[in-house]
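> attaching a predicted model along with its sequence, questions to come.
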Amino acid sequence: MERKRIAIDTNIFIPFLRCTNIAKKQETTLYKLFSKNYTIYTTAINVIELYAGAKTDDKIAAVDAILREIEIIPFDNNTLKSISLRAVQLLKINKYSGIADLMIASACIENQIPLLTDNRKHFEVFNELSMVVIDDI
């Protein structure tokens, strides 16, 4: 059976990283993804956000451990070009909300990987982006 691909936004990592109770950790979306048939991806932007939020050596080690288990979507030339083109389009229609979400969405679109996020509103402007609903996990 082929593994399903899914990209996860930073906010999906956070409950897993913050939880110290094993039973509650098993209820997190990230834990469920690890226990099901998914190949999990994220972007370099999400990695930066995770390390920026890791304030202690223990938190940094926890981020390191998770990142060993997932794939990082690359920002190749096609993706970088699409980021620029989408930025121009969004600026024209006054819907540009920042570079981070634009980069995350573009990486997912260009690599045809659906995104799982708790911040759906931030990504609704990207019509080409396939998003996964948490309840479907």
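Done, it's in. Numbering: from 1, shown residues only.

> let me know the pLDDT of the spatially closest residue to Ile70 that is not a sequence neighbour.
Closest residue to Ile70 apart from its sequence neighbours, by C-beta to C-beta, 6 or more residues apart in numbering: Ile40 at 4.3 Å. Quick note: C-beta positions are derived from backbone N, CA and C, even for glycine. Each residue has a pLDDT score; the one for Ile40 is 97.

> one more: Ile137?
Per-residue pLDDT puts Ile137 at 76.

> re the thing from before, I'd like to know which elements the host helix or strand of the residue nearest to Ile70 is packed against.
Assessed by DSSP states H and E, Ile40 sits inside strand 38-43. Judged by 3 or more C-beta pairs under 8 Å, 6 or more residues apart in numbering; DSSP states H and E, strand 38-43 is in contact with strand 4-8, strand 71-73, helix 99-111.

> now the residue of the chain most remote from its centre: how far from Ala52?
Most distant residue from the mean C-alpha position of the chain: Lys92, 26.0 Å away (C-alpha atoms, centre = their mean). Lys92 is 31 Å from Ala52, where distance means C-beta to C-beta, to the nearest Å.

> on that earlier part again, can you redo the helices and strands packed on strand 38-43 as CSV with distance to Thr117 and mean pLDDT?
Converted to CSV, those look like this (distance: least, C-beta to C-beta, whole Å; pLDDT from 0 to 100):
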stretch, distance to Thr117, mean pLDDT
strand 4-8, 8, 96
strand 71-73, 14, 97
helix 99-111, 8, 97
